[in-house]
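Student: have a look at this fold, sequence not included:
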């Protein structure tokens, strides 16, 4: 009986880990920054997925410092917020310096904005945001 309980527990842990754990894989061992590129795919049980992120690609430099992340949002999140994808850029001290948001076609048609770029100062506070149309033309800046 004890063996059956132990086997059941191990099976449950194995299945749970498989269903609720992110999938991580190196997709490039030498990217344009000289380091690795890692893709994380989230499943419905992951916190990132619950926050609306389906997949993230992280780019590291040769010193294993994060340079850029590219996040792809879940369909539910994209429909709700109008953002399909985002790219964050980091400086050598791993502070975010720029964030790009790419809006869904539906949102771009409705609002006329297909992309925004937010620039951050050294304290990671918003310094400026630019808005672009579907053709890449700057619409406004604030």
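Tutor: Received the coordinates, thanks. Worth saying up front: this structure is predicted, and the values here are computed from it rather than measured.
Student: all strands of the chain, in order?
Tutor: Shown for the chain, the strands assigned by DSSP state E span residues 23-28, 34-41, 53-61, 66-73, 83-90, 96-103, 115-120, 126-132, 138-141.
Student: relative to the whole chain's centre, how far out is the fourth one?
Tutor: This means strand 66-73. Here strand 66-73 is found 4 Å from its chain centre; the criterion is Cα atoms, centre = their mean, to the nearest Å.
Student: before we move on, the earlier item: so for residue 47, which of the strands of the chain sits nearest?
Tutor: Ranking these by proximity to residue 47 (Cβ to Cβ) places strand 53-61 first, at 9.2 Å. (Glycine included, C-beta is placed from N, CA and C.)
Student: strands paired with the closest one, and their directions?
Tutor: Strand 53-61 has its sheet partners listed here by DSSP bridges as strand 34-41 (antiparallel), strand 66-73 (antiparallel).
Student: just name the most buried of these.
Tutor: Sort the strands paired with strand 53-61 by mean neighbour count, taking mean count of other Cβ atoms under 10 Å, and strand 66-73 sits at the top with a mean of 19.
Student: that's all I had, so thanks and see you.
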